[in-house]
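Q: need coordinates for the following:
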Amino acid sequence: MVFALALATSVHAQSSTWSGTVALSSQLIDRGVAISTVTPILQGNVSWASASGWLLGVSAATELRSPGHGSEALAQAARYWTFNEDWRMQAGVNYYSYPGNTRGHFFDRVETGVNWLYRDVLSLGLSAMTLTHGNDHDPRGAVDIGFHWPLPQHFAFSAGVGVAQPLPAAGRDGYGDGYGGYHYVRASSYYGYGHLGLTWTYRRWQLELDRVFTDPDLRRQRYQAAAPWVATISRSF
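A: Take a look at the predicted model:
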């Protein structure tokens, strides 16, 4: 949720402005991987965008029933450019941390990325990631493509697909570097993921339901793959 909000804020800013969002989701996921169990997740984001093209943002998430567990924190700095009425670009760096989150602790990382947006409809993102925890700091990459199409009666259709190298990588014994015994059964160093979504927006409120797809090899590891359905309700301010 957080990156999408930051991108939307940046490309529409006409003057220096503050914005934010509070949301409640059914699960915290990261590129098709479950960061939390299926449980209510409270999320919040605050960002600042300038007319000159700079963006700063911070966000946090935690399990509603057990604050401090299943948590995520993100800090972002980015620069965006508007080339014409059709094309925009954003480049930035994100720092992800999962304090108190046994499931996500070894996903702590620095991620740099470049994203292109065409008419608020089609987006393409290229990312490079470096883990900050443990001994494995080899860079990893990801490619994400997104699609958004407005529908009548405040509805919109969205879709996304991506390919990424697993975080964390499998160790010599087939397990992540201390990551709770999760096992990657495939020899390939990449996995795929995606979603189909329907959103309803009214003023500052938004409801979203996503059908999440994850690589079959990853889905067979039921503690790794995200739930098939993820729901979110949010309010912006």
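
Q: what's the mean pLDDT across stretch 42-52?
A: Mean pLDDT, stretch 42-52: 94.

Q: in that stretch, what counts as buried?
A: Applying a neighbour-count criterion of 16 or more other Cβ atoms under 10 Å, one finds 42-49 buried in stretch 42-52. Heads up, the C-betas are built off the backbone N, CA and C, glycines and all.

Q: what's the answer for stretch 134-149, then?
A: By 16+ other Cβ under 10 Å, the buried positions in stretch 134-149 come out as 134, 136, 140, 142, 144, 146, 148.

Q: from the residues you listed, which land in helices?
A: Counting by DSSP state H, no part of the buried residues of stretch 134-149 is found in helices.

Q: picking up where we left off before, and the buried residues of stretch 42-52 as TSV, adding distance to Tyr191 and secondary structure?
A: TSV is the format used below for those (distance: Cβ to Cβ, whole Å; DSSP: H, G, I helix; E, B strand; the rest coil):
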residue	distance to Tyr191	secondary structure
Leu42	28	strand
Gln43	24	strand
Gly44	29	strand
Asn45	27	strand
Val46	32	strand
Ser47	30	strand
Trp48	34	strand
Ala49	33	strand
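
Q: now these as a markdown table including distance to Glu85?
A: Formatted as a markdown table, those follow (distance: Cβ to Cβ, whole Å):
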| residue | distance to Glu85 |
| --- | --- |
| Leu42 | 37 |
| Gln43 | 32 |
| Gly44 | 32 |
| Asn45 | 27 |
| Val46 | 29 |
| Ser47 | 24 |
| Trp48 | 25 |
| Ala49 | 19 |
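
Q: now the two most distant members of the residues you listed.
A: Pairwise distances across those (Cβ to Cβ) peak at 23.8 Å, for the pair Leu42 and Ala49.

Q: pull the number of nearby residues for the closest residue in space to Leu207 that isn't next to it in sequence.
A: Computed as Cβ to Cβ, 6 or more residues apart in numbering, the closest residue to Leu207 that is not its neighbour in sequence is Trp200, at 4.7 Å. Trp200: 15 surrounding residues under other Cβ atoms under 10 Å.

Q: name the element Trp200 belongs to?
A: Assessed by DSSP states H and E, Trp200 sits inside strand 191-202.
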